[in-house]
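>>> make a model of this:
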Amino acid sequence: MPFGSEPITLNADERAELEQITQSRTLPAGDVFRARLILLLADGLPYRTIQERLDTTAPTISRWKNHFRTGRVAGLMETRHPGQKPFVITPALQAKVLNVTRRKPPDGSTHWSCRKLAKHLGIGKDAVQRIWRKAGLKPHRLTRYMASDDPDFERKAADIIGLYLHPPQHAAVFCVDEKSAIQALDRLDPVLPMSPGRAERHEFEYYRHGTLSLYAALDVRTGKVHGKTAARHTSDEFVGFLNHVLGLGKPKREIHIILDNLSAHKTHQVEAFLDEHPNVQFHFTPTYSSWLNQVEIWFARIEREVIARGVFTSVRDLARKLMRYIQAYSKTARPFHWKYSDVRRRLKAC
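Next up, the predicted model:
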């Protein structure tokens with residue numbers, strides 16, 4: 001028997017403790033392995049047999065045999081070794097990593113990865129990850145924004161938010177907009193439905209049947225949406241939709257309409273409509289701030305739930321499915337709870 005032939009002897013308490021360790025389902029696997037090893041040595045089995053049973057090596061058996069002779073069962077649990085000194089992230093290193101992260105990599109890529117930056121600085125990737133996590137940096141992520149250049153942003157935003165939070169008594173407030181050029185796309189091959197472990201699949205090629213525009217008016221008080229489809233996106237169609245909105249309530253009722261700065265909203269036909277209906281008042285969102293219009297939230301929803309994955313055999317089929325969704329949505333509609341912390345906070349170009 002190599003590495004010393006002295007047998008291992010166990011007293012009753014040691015054997016009972018080691019057997020209990022081998023039967024544990026919660027202790028680390030290394031503890032169980034070492035307990036089994038000592039029990040096999042105590043049973044007088046040769047190294048070769050122990051190597052085959054435990055899939056280990058003779059030096060490993062000899063090392064833990066010596067550990068047991070020195071510290072008995074407690075010696076088997078002592079697995080620490082000196083190793084290398086722990087890597088300390090100093091304030092200077094942290095500042096250096098953050099400074100380099102904010103600059104572009106010299107290889108022409110747009111942003112750093114943790115491995116690329118670690119190699120560049122000659123440190124471990126785990127250190128880079130810890131520094132990024134602590135600083136809240138995620139170089140792989142990107143968000144987009146659009147800054148408003150409207151000098152009257154604060155007043156316009158406060159006016160619209162005021163209509164959401166404190167609408168005039170006995171008045172109606174509608175958020176109006178249009179979603180233009182919606183394509184009636186049809187797939188050349190059938191859609192394959194989802195199945196366990198497999199997402200719904202759409203054929204790559206498609207056929208265009210044409211486009212239409214969707215006009216929508218969201219009632220701020222109830223959350224209901226009133227819609228109309230049109231073949232073209234014109235000022236005449238817009239005025240026709242406004243007349244439809246006027247017919248939804250009592251005559252001569254005060255109506256406030258929130259809308260964006262599209263040119264079709266400021267034509268002579270629209271001005272004539274306002275002259276004929278003095279009870280209607282427009283509230284334009286600031287430039288590049290259509291997100292202040294609540295109907296944009298609803299447009300994002302219909303895009304996600306109907307249009308993006310829809311299959312439409314014709315423009316008429318597209319219009320029918322859009323109106324069906326609007327009718328179903330309005331049956332259970334609820335108003336949006338608008339929150340905006342400070343109208344003075346907005347993105348500005350540096």
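>>> how near is residue 54 to residue 199?
45 Å (Cβ to Cβ, to the nearest Å). For glycine as for every other residue, the C-beta is placed from the backbone atoms N, C-alpha and C.
>>> put the alpha carbons of the host helix or strand of residue 239 into PDB.
When elements are assigned from DSSP states H and E, residue 239 belongs to helix 235-246. What follows is helix 235-246 as a C-alpha-only set of coordinates in PDB (Å, rounded to 0.1, in the frame of the first residue of the first chain):
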ATOM      1  CA  SER A 235     -57.300  67.500 -42.800                       C
ATOM      2  CA  ASP A 236     -60.800  66.700 -44.100                       C
ATOM      3  CA  GLU A 237     -60.800  63.300 -42.500                       C
ATOM      4  CA  PHE A 238     -59.500  64.900 -39.300                       C
ATOM      5  CA  VAL A 239     -62.300  67.400 -39.200                       C
ATOM      6  CA  GLY A 240     -64.800  64.700 -40.000                       C
ATOM      7  CA  PHE A 241     -63.600  62.800 -36.900                       C
ATOM      8  CA  LEU A 242     -63.800  65.900 -34.800                       C
ATOM      9  CA  ASN A 243     -67.500  66.100 -35.800                       C
ATOM     10  CA  HIS A 244     -67.900  62.500 -34.700                       C
ATOM     11  CA  VAL A 245     -66.400  63.300 -31.300                       C
ATOM     12  CA  LEU A 246     -68.700  66.300 -30.900                       C
END
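>>> nearest residue to residue 47 other than its sequence neighbours?
In this structure, residue 47 finds its nearest non-sequential neighbour in residue 58, 5.1 Å apart by Cβ to Cβ, 6 or more residues apart in numbering.
>>> how many residues are close by the one you found?
Residue 58 has 14 neighbours, counted by other Cβ atoms under 10 Å.
>>> now do the one 10 residues further on
Residue 68 is surrounded by 23 other residues when neighbours are defined as other Cβ under 10 Å.
>>> can you tell me the SS state at it?
Classification of residue 68 by DSSP: H, G, I helix; E, B strand; the rest coil places it in helix.
>>> I'd say it and residue 39 touch.
No: contact criterion Cβ atoms under 8 Å: residue 68 and residue 39 do not qualify, at 10.6 Å.
>>> residue ranges for the strands of the stretch 251-350 of the chain, please.
Here the stretch 251-350 of the chain has its strands, by DSSP state E, counting those that start in this stretch, at 255-259, 280-284.
>>> helix or strand for the spatially most central residue of the chain, which one?
The centroid of the chain falls nearest to residue 141 when counting by Cα atoms, centre = their mean (10.7 Å). Counting by DSSP H and E, there is no helix or strand that carries residue 141.
>>> from residue 26, how far out is it?
Here the criterion is Cβ to Cβ. By it, residue 141 lies 39 Å from residue 26.
>>> next: residue 325.
The value you get for residue 325 to residue 26, if Cβ to Cβ is used, is 54 Å.
>>> out of the two, which sits in the more crowded spot?
Higher neighbour count among residue 325 and residue 26: residue 325, with 18 against 4, using other Cβ under 10 Å.
>>> which residues touch the more buried one?
Residue 325 is in contact with 302, 305-306, counting by Cβ atoms under 8 Å, 6 or more residues apart in numbering.
>>> which of these has the largest number of neighbours?
residue 302 (21 neighbours).
>>> what does the model give it for pLDDT?
Note on residue 302: pLDDT of 95.
>>> quick one: pLDDT of the residue nearest to the centre of the chain?
On the pLDDT scale, residue 141 gets 93.
>>> all helices for the stretch 201-350 of the chain, in order.
Assigned by DSSP state H, counting those that start in this stretch, the helices in the stretch 201-350 of the chain fall at 235-246, 268-276, 295-302, 315-331.
>>> may I see the buried residues of the first one?
The reference is to helix 235-246. Of the residues in helix 235-246, 235, 237-239, 241-242, 245-246 count as buried by neighbour count, 16 or more other Cβ atoms under 10 Å.
>>> what does that helix contact?
Residues contacting helix 235-246 (Cβ under 8 Å, 6+ apart): 174, 176, 178, 213, 215, 217, 226, 228, 230, 255, 257, 264-265, 267, 269-270, 273, 277, 280.
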